[in-house]
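In: The sequence isn't on hand, but the structure is:
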Ligand code: ADP
């Protein structure tokens, strides 16, 4: 569904991504791990059209995304949850979700299936987003992204600032959502437990290229982790 080929690019001063090839099927969750600064966030920014310099190929269901502005990429079915969540803290839960629903041009308001996945949000409709806990804000950010009914979901470090119990919940929810909605997911994560729990496949990025790719179960091998992450 998503096909990235020979992706190169960066912020101008020199390449950060140095020839990335990656395919993500619909319904599949792929975790991207790697040392700090290896280019993980940059990779999903490139998919979302947020990287100043990008060359190569990014296609969603055969349609070229590379070169389109982010809002048009959103309309083609890509949703992005940046690190730090990117919710509007002063707006209410309802307003945050409505903005998500409108991002892809939907006019019917907040989809019921999204609220079914996160029932607690219904009880918080009137609350401003910024007053919720880190984990709740992360759930809101994911719900907001799903409200546009994307085909591809890009998540940057959803574990950041979130308590372990909610991290585990997110790890269970992501593959469930992917399966139920035939949604492709790229999950960028430092938390290897979450990366492995949520995804069927792990991709290790190192200095802007893919250094290793394997099934999540295989990545449980500490030798493999040490070899590719030098932890
Ligand atoms: P990771 O997500 O793997 O920690 P990033 O993709 O955030 O890595 O960063 C990769 C490289 O790009 C780093 O060297 C970082 O300093 C650089 N970088 C990230 N964001 C910017 C930016 N906005 N402007 C310039 N350089 C950046």
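Out: Sure, I can see it. Just so it is clear, the model here is predicted, and its values are computed rather than measured.

In: Get me the contact residues on the chain for the ligand.
Out: Within the chain, the positions near the ligand by CB under 6 Å from any ligand atom are 11, 16, 34, 36-42. In short, each C-beta sits where N, CA and C put it, glycine included.

In: hmm, which two among those residues are most spread apart?
Out: Using CB to CB, the two most remote members of the residues of the chain next to the ligand are 11 and 34, lying 17.7 Å apart.

In: neighbour-wise, which of these two wins?
Out: The neighbour count for residue 11 versus residue 34, taken as other CB atoms under 10 Å, is higher for residue 34 (24 against 12).

In: That one against residue 209, yeah?
Out: No: counting by CB atoms under 8 Å, residue 34 stays clear of residue 209, with 10.0 Å between them.

In: In the top helix by length along the chain, which residues are buried?
Out: For the chain, the helix with the greatest residue count under DSSP state H is helix 164-181. For helix 164-181, a neighbour-count test (16 or more other CB atoms under 10 Å) marks 166-167, 170-171, 173-175, 177-178, 181 as buried.

In: same question, stretch 208-228
Out: For stretch 208-228, a neighbour-count test (16+ other CB under 10 Å) marks 208-210, 212, 216, 219, 225, 228 as buried.

In: name the helices or strands packed onto the helix or strand bottoming out on mean pLDDT in the chain?
Out: Ranking every helix and strand in the chain by mean pLDDT, DSSP states H and E puts helix 222-229 at the bottom, with a mean of 84. Judged by 3 or more CB pairs under 8 Å, 6 or more residues apart in numbering; DSSP states H and E, helix 222-229 is in contact with strand 201-206, strand 209-215.
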